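S.K.: Pasting a predicted model and its sequence here:
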Amino acid sequence: MIQYVILNHSVGEIMAREGISYDQVAKVADELTGEGQQATIRQIRDRIGTGSPNTIHRHLTQWRDARPQATASAPELPASLAVQIAAEISRAAAQARAEIEGRLIQTQAEAAELAATGEALEAERDNLTEQVTSLTRDRDTLTGKATQQAADIIDQAQRIEREQHAAEAARIELATARLKIEAQAEKQNELTQETAQLRAALETSQQARQTAEQQAAVLSAKLEAMTERATKAETRADKAEKEANQSGSTVAELAAKFEAMTDRATKAEARADKAEKEANQSSAEAAELRGQLNAAVVEVQTPNKKTTQRNRATNLDDPNR
Amino acid sequence: MGQDSELERFKALNLGELAVSYGYTLDRRESSKSSLVMRHEDGDKIIIATGEDNHGVFFSVKTTASGSVIDFVIHRQGGNLGHARQTLRRYSPVSFPTAHPSQIPKPRIITTDRAALLVSWHKFEACRPAYLESRGLELSTIAGFSDRIRTDERGNTLFRHDDLFGLSGWEIKNKGFSGFAKGGNKAFFACRVGIAPEKEINRVVVAESAIDGMSFYQYDPTPALVLSFGGGLSPEQGELLRYVLTKYPAAEIVTATDNDRQGEVFAELIQLHRPDAIRARPVRGKDWNEALALP
């Protein structure tokens, strides 16, 4: 906020004093004299209400000079005595008047000089007063300006501080916004990667589905074929079942025959086992006998022993024997 | 004047002021005493530093362009060395057609290694929040620290470390992984959060890790300078801690180290430098980040 200082000056204080006129002083002096009072500087100043004592004195002196002197009446005495006394008085008065007039003239001259000096001093005082008033006004104006400038400086400093705070807040806000964008970009990037992964997975899945569909088609065809075969088999089974139902006794007979045959086969197998055992036993016995026989032959046919033995052995080893 | 001496004079020009005359503006928040970050409305972003030979050097973040003031002129307007000379003669000796050239300070001299770190850092992507969100941090919290955090090409989250000379390296974090920049040195992850540039710091929060510091700020979002030293405290980091704690004598110091024996040791160390430090111990969990995850 800018503060202003308004200074009030009294116009009367600033303007130069105009002074009182001779006529004013003379008029009041006449009035006072008419009232039987002494016309003094103070009395006149009191009546007028203003005025420099020096100026009043100057005008009063002028008024007094212009005023006719009052003449004294002669006393009723014998003429000769009166003449002598009058002469003596006149002489003494003349002497006294001369002294007094001389002193009066001197005093008046001094008073006039003092009045002139006083007036000059008053003029100088008025001039100085005016200067003081002007300087005071200038000072007050400058003080007002200084106060205003100080207020402006405080205001500017506060504004700068506010601006700095606002700038700092804006910097933080801007940085936050940038970070949000950055975070969004990162999330976007992650989403893009995730989308790409999902797309790849989807593609793989689609390929797998396609393969599965193909396999399913093959299996379906196989199933269809199997179903057809099963249907045919069922048909055949149904037919067989019907035939079986129709020839239930034949089956029973066949079953009995089969059981009999099985029994016979079991028995034959048992016999075969027995025969095999007997054959094995016979073989062992035969081998033993061949051994004994070979030993006997060696003893009988000593010459051509080796050859004979080899031939015999060959013959004995012949499995066709 | 010989050509070599003229080139030397060109190289001594304030590159930041020259960049302003080409329409670049200073990014005060990203700049430091040892590097200027300047942006052009056409999207170009450059880093300006002062090499060990006291000459200005620039690095373009979005291209591979880099070099001296002459290379910068060629980078902006094309042409060859001759054209660049003609242009730079117009600035002779140090006058620039800018309103307030002195507002662009010349960066302090840095080593080549630091310049390389600086370029790498600025070439990383801006912070991506996914990892930090997974640690329970909200976007509004991350935003307050985001100009000190970046993301590398592997998606790791990087926390910038600075010492008194500027960027010194960065912590690397990811799920089940922690590390530090190769060729860098641990200093402090330091972030003015909620405080406008040039404003006074009234609160300093010290945590063990960047994520703990951010977690504490999420609990108590009072504007502060949030510091963390990334685990252990080396002698250099200890000295830096003392410097920071005593640099802001009127600031409130909050010790937000872990709720374990080591955390108490760090708190005692901080109290040595600043007896008025306040201990902020997580009520639940072993540290301030774990406290976020607990119900």
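M.R.: Perfect, thanks for sending it.

S.K.: contacts, neighbours, all on C-alpha from now
M.R.: Noted.

S.K.: What about residue 218, how many residues nearby?
M.R.: You didn't say which chain, so I picked chain A. By other CA atoms under 10 Å in any protein chain shown, the residues close to residue A:218 number 12.

S.K.: look at chain B instead
M.R.: Counted with other CA under 10 Å, residue B:218 comes out at 19.

S.K.: Same question for residue A:45.
M.R.: Around residue A:45 there are 17 residues (other CA under 10 Å).

S.K.: same deal with residue B:180?
M.R.: 17.

S.K.: Nearest residue to the spatially most central residue of chain A in space, please, no chain neighbours.
M.R.: Taking CA atoms, centre = their mean, the centroid of chain A lies closest to residue A:169, which sits 3.8 Å from it. Closest residue to residue A:169 apart from its sequence neighbours, by CA to CA, 6 or more residues apart in numbering or on different chains: residue B:194 at 7.6 Å.

S.K.: Show the contacting residues for that neighbour.
M.R.: A:168-169, B:144, B:222-224 (CA atoms under 8 Å, 6 or more residues apart in numbering or on different chains).

S.K.: SS state for the closest residue to chain A within the stretch 151-295 of chain B?
M.R.: Among the residues of the stretch 151-295 of chain B, residue B:196 lies nearest to chain A; the distance is 5.7 Å by CA to the nearest CA. What DSSP: H, G, I helix; E, B strand; the rest coil gives for residue B:196 is coil.

S.K.: these two touch, right, it and residue A:163?
M.R.: No - contact criterion CA atoms under 8 Å: residue B:196 and residue A:163 do not qualify, at 9.6 Å.

S.K.: more neighbours, the two?
M.R.: More crowded of residue B:196 and residue A:163, by other CA under 10 Å: residue B:196, with 20 against 14.

S.K.: Show the backbone phi and psi for residue B:199.
M.R.: phi -80, psi 160 (degrees, to the nearest 10).

S.K.: and it, how far is that from residue B:226?
M.R.: 15 Å (CA to CA, to the nearest Å).

S.K.: These two: which is more packed in?
M.R.: Between residue B:199 and residue B:226, counted using other CA under 10 Å, the more crowded position is residue B:226 (25 against 10).

S.K.: That one falls within a strand, correct?
M.R.: Yes - the assignment for residue B:226 by three-state DSSP puts it in a strand.

S.K.: Next up, the contacts around it.
M.R.: B:189-193, B:204-207, B:213-214.

S.K.: Check what pLDDT it gets.
M.R.: For residue B:226, the model assigns a pLDDT of 97.

S.K.: Any idea how many residues pack against residue A:266?
M.R.: 12.

S.K.: What about residue B:12, how many residues nearby?
M.R.: 18.

S.K.: what's near enough to touch whichever residue of chain B sits closest to chain A?
M.R.: The minimum distance from chain B to chain A, using CA to the nearest CA, falls at residue B:143 (4.9 Å). Residues near residue B:143 by CA under 8 Å, 6+ apart: A:172-173, A:175-176, A:179.

S.K.: Would you format these as CSV with secondary structure included?
M.R.: Formatted as CSV, the contacts of residue B:143 follow (three-state DSSP):
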residue, secondary structure
A:172, helix
A:173, helix
A:175, helix
A:176, helix
A:179, helix
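
S.K.: hmm, back to that, of the contacts of residue B:194, which is the most crowded?
M.R.: Neighbour-wise, the contacts of residue B:194 (other CA under 10 Å) top out at residue B:144, 25 neighbours.

S.K.: how about the residues of the stretch 51-200 of chain B that lie near chain A?
M.R.: For the stretch 51-200 of chain B, the residues in contact with chain A (CA under 8 Å from any CA of the partner chain) are B:127-130, B:139-140, B:142-144, B:146, B:194-196.

S.K.: from those residues, which two are the most distant?
M.R.: B:130 and B:196 (26.6 Å; CA to CA).

S.K.: Poorly predicted segments of chain A, please.
M.R.: A:1-18, A:69-75, A:247-251, A:299-321 (pLDDT under 70).

S.K.: Get me the contact residues on it for chain B.
M.R.: Close to chain B, as judged by CA under 8 Å from any CA, chain A has residues A:164-165, A:167-169, A:172-173, A:175-176, A:179-180, A:182-183, A:186.

S.K.: Tabulate those (JSON lines), appending distance to residue B:248.
M.R.: Listed next are these as JSON lines, based on distance: CA to CA, whole Å:
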{"residue": "A:164", "distance to residue B:248": "21"}
{"residue": "A:165", "distance to residue B:248": "21"}
{"residue": "A:167", "distance to residue B:248": "24"}
{"residue": "A:168", "distance to residue B:248": "21"}
{"residue": "A:169", "distance to residue B:248": "24"}
{"residue": "A:172", "distance to residue B:248": "25"}
{"residue": "A:173", "distance to residue B:248": "28"}
{"residue": "A:175", "distance to residue B:248": "28"}
{"residue": "A:176", "distance to residue B:248": "29"}
{"residue": "A:179", "distance to residue B:248": "32"}
{"residue": "A:180", "distance to residue B:248": "35"}
{"residue": "A:182", "distance to residue B:248": "36"}
{"residue": "A:183", "distance to residue B:248": "37"}
{"residue": "A:186", "distance to residue B:248": "40"}
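
S.K.: List only buried entries from these.
M.R.: Burial by neighbour count, 16 or more other CA atoms under 10 Å in any protein chain shown: within the residues of chain A next to chain B this picks out A:164, A:168-169, A:172-173, A:175-176, A:179-180, A:182-183.

S.K.: Okay, helices next: where are they in the stretch 201-321 of chain A?
M.R.: Here the stretch 201-321 of chain A has its helices, by DSSP state H, counting those that start in this stretch, at A:248-300, A:305-317.

S.K.: neighbours of residue B:273, just the number please.
M.R.: Residue B:273, neighbours per other CA under 10 Å, totals 15.

S.K.: gap between it and residue B:34?
M.R.: Taken as CA to CA, the span from residue B:273 to residue B:34 is 27 Å.

S.K.: what do you get for residue B:13?
M.R.: In terms of CA to CA, residue B:13 sits 17 Å off from residue B:34.

S.K.: same deal with residue A:189?
M.R.: 38 Å.

S.K.: These two: who's more crowded?
M.R.: residue B:34 (21 against 12).

S.K.: Phi, psi for that one please.
M.R.: According to degrees, to the nearest 10, residue B:34 has phi -110, psi 0.

S.K.: Next: the one 5 residues further on.
M.R.: When quoted as degrees, to the nearest 10, the phi and psi of residue B:39 stand at phi -120, psi 150.

S.K.: same deal with residue B:206?
M.R.: Dihedral angles for residue B:206 - degrees, to the nearest 10 - are phi -110, psi 120.

S.K.: Just the pLDDT at it, thanks.
M.R.: pLDDT at residue B:206 comes out at 97.

S.K.: ok, it touching residue B:245?
M.R.: No - applying CA under 8 Å, one finds residue B:206 not in contact with residue B:245, separated by 9.6 Å.

S.K.: residues shared between the contacts of the two?
M.R.: Joint contacts of residue B:206 and residue B:245 (CA under 8 Å, 6+ apart) are residue B:253.
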